[in-house]
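Visitor: Output the structure for:
(chains A, B, C and D)
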Protein chains: 2
Amino acid sequence: MIPRRAEIARMHAELCSGISDPNRIAILYALSERPSNVTYLTTRLRLPQSTVSRHLRILRNSGLVRFERRGREVIYELSDERIIQALELLRDVLNERISTHSRLLEQISSPAKEAS
Amino acid sequence: MIPRRAEIARMHAELCSGISDPNRIAILYALSERPSNVTYLTTRLRLPQSTVSRHLRILRNSGLVRFERRGREVIYELSDERIIQALELLRDVLNERISTHSRLLEQISSPAKEAS
DNA sequence: ACAACGTATCCGGAAATGCGGATACGTACA
DNA sequence: TGTACGTATCCGCATTTCCGGATACGTTGT
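Guide: Next up is the predicted model:
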């Protein structure tokens, strides 16, 4: 019942692929602010309802979100805070690269006096 | 020159999609042990050379790895340790879920005496 | 200049993924 | 039971992704 090595690798990749789409990243960040139902996400992210629902199913299947029925609504929430932590780590890497990059571009277009 | 919000989201997703394939995850973990050339990765991961090369190009394009020509070889290495940290965070989430899950299954198949 | 080696790219085809309107399902309340 | 609302799934289509053998490119040493 305990998955073998290759199986874990597959599941690991599946978990990662859950966060590999811009809309899903947006959904995850929205859910990190507060648990929400589908309609809220739909209006907040300005996406068709079917699109949101489809992405939520993917996030469910890869175990990134939990959900709970509440009357006619379904409330979704992040299944684990570390998911956002992982996203933040990667975003930091990205932001640093961007700011380094734009600083370099600035230096090219308007080189300041060099420090000796 | 500084990318706008939506653009960053796209880049963020692109960075994430770099880690959303089992072979690429394997490559990243291998590189986290030590910088390597393509041939080494090919034999270590038992993948066709073209496959390794293709994945490395993807990893390059999303900025997850750096490379350097050394004679006829090309040495690849992780561009940032935080990439592995992010992978580890997600793997932890996965492992916990797996062990919880298999513990539950055990309890079903052979329920122990309940603690009062 | 040529052979050997390491790497990157090309190519054609299979499989997966995203989209969003239309539709089906489930729940609540009259 | 019927109507409204919230959500999930269906469907056809376009796009992307992955694969790996074949081939091209670049470097080294003779």
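
Visitor: what about the helices in chain A?
Guide: In chain A, the helices defined using DSSP state H lie at A:5-18, A:22-33, A:38-45, A:49-61, A:81-109.

Visitor: Could you pick out the residues of chain A near chain B for me?
Guide: A:1-3, A:8-13, A:15-17, A:19-22, A:25-26, A:63, A:79-80, A:82-83, A:85-87, A:89-95, A:97-98, A:102, A:105 (CB under 8 Å from any CB of the partner chain). In short, each C-beta sits where N, CA and C put it, glycine included.

Visitor: Going by proximity to DNA strand C, name the top residue of chain A.
Guide: A:Ser50 (3.2 Å; CB to the nearest atom of the strand).

Visitor: residue ranges with poor pLDDT in chain A?
Guide: A:1-3, A:109-116 (pLDDT under 70).

Visitor: quick revisit: how far away is the residue of chain A closest to DNA strand C from B:Arg57?
Guide: 34 Å (CB to CB, to the nearest Å).

Visitor: do the same with A:Ser20
Guide: Taking CB to CB, one finds A:Ser20 at 17 Å from B:Arg57.

Visitor: Give me the more crowded residue out of those two.
Guide: Taking other CB atoms under 10 Å in any protein chain shown, A:Ser20 and B:Arg57 do not tie; A:Ser20 has more neighbours (19 against 11).

Visitor: and the more buried one, what does it touch?
Guide: B:Ala13, B:Cys16, B:Ser17, B:Ile19, B:Ser20 (CB atoms under 8 Å, 6 or more residues apart in numbering or on different chains).

Visitor: swap in A:Ile27?
Guide: Here A:Ile27 is in contact with A:Leu41, A:Leu45, A:Val52, A:His55, A:Leu56, A:Leu59 (criterion: CB under 8 Å, 6+ apart).

Visitor: any idea how far stretch A:6-19 is from the chain center?
Guide: 15 Å (CA atoms, centre = their mean, to the nearest Å).

Visitor: Is it in proximity to DNA strand C?
Guide: Yes: judged by CB under 7 Å from any atom of the strand, stretch A:6-19 comes into contact with DNA strand C at A:Ser17.
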